[in-house]
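Peer 1: fold the stuff below for me.
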Amino acid sequence: MITIDHIKELEKEMLNVPFGNSAFQNQNFGVQHNSDARKYRHCLLQIDQKLRALKTCEFRRRRLEIDLEEIKYKLNTEDLSTFDRRRLEIDFEEKEYGLNTEIKLIEDALIELHTYDVMLSKLPKITREEFENSEQKYWTTRLLESARHEIVSNGTVSVGILESLEQIGLKVGRNDGGQIIYQSEPINNLITEE
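Peer 2: The predicted model follows:
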């Protein structure tokens with residue numbers, strides 16, 4: 001049988017493990033990009049997401065604090081029926097619980113934010129122009145790696161990967177020995193601001 005004390009122990013244990021991604025997961029699986037520009041972008045996207053989550057949490061907490069203050073005021077100053085008082089006490093307890101559960105979300109978000117900040121600090125700063133200029137190489141490498149994975153696992157390359165390779169200027173076919181080969185064709189670079 002689960003007791004109140006056991007539930008409190010479980011709640012403490014929940015604070016010891018991440019409910020989001022672990023730092024290891026973020027460092028090794030979240031950034032599977034072969035270019036510093038893509039890693040840089042990924043870290044910034046994740047930082048933006050965590051900052052937004054923290055700001056949303058802050059607004060929610062501020063509203064809950066106002067609700068708690070209002071309920072306290074009503075409980076202390078208004079002539080309430082027994083039922084109204086009990087409902088307000090339940091509302092107070094529920095909002096207080098909501099406020100306390102936010103702490104886990106905040107702590108996890110701050111840890112992930114720190115992880116991405118450390119990862120970002122180890123990368124060179126990238127301008128938009130540098131990012132755009134690195135995209136051809138990134139997509140070529142990524143699609144060729146996907147094609148290699150498909151060949152190893154299925155013995156062939158899917159139509160989608162072949163079409164994508166052709167869109168970035170690589171013609172794919174088979175040689176006389178049946179091996180998959182590709183040839184690079186020049187493609188026009190994207191227009192960048194000058």
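Peer 1: mind checking the SS state of the residue nearest in space to the middle of the chain?
Peer 2: Here the mean C-alpha position of the chain is nearest to the C-alpha of residue 46 (CA atoms, centre = their mean), at a distance of 5.0 Å. Here residue 46 is helix, with the state taken from DSSP: H, G, I helix; E, B strand; the rest coil.
Peer 1: ditto for residue 183
Peer 2: Residue 183 - assigned by three-state DSSP - is strand.
Peer 1: neighbours around it, how many?
Peer 2: Other residues near residue 183 come to 9 when the count uses other CB atoms under 10 Å. Where you see a C-beta, it was placed from the backbone N, CA and C, and this is true even at glycine.
Peer 1: show me what the lowest-mean-pLDDT helix or strand in the chain is packed against.
Peer 2: Lowest by mean pLDDT, DSSP states H and E among the helices and strands of the chain is helix 23-28, with a mean of 75. Applying 3 or more CB pairs under 8 Å, 6 or more residues apart in numbering; DSSP states H and E, one finds that helix 23-28 makes contact with helix 82-121.
Peer 1: and the helix it packs on, what's its mean pLDDT?
Peer 2: Per-residue pLDDT over helix 82-121 has a mean of 92.
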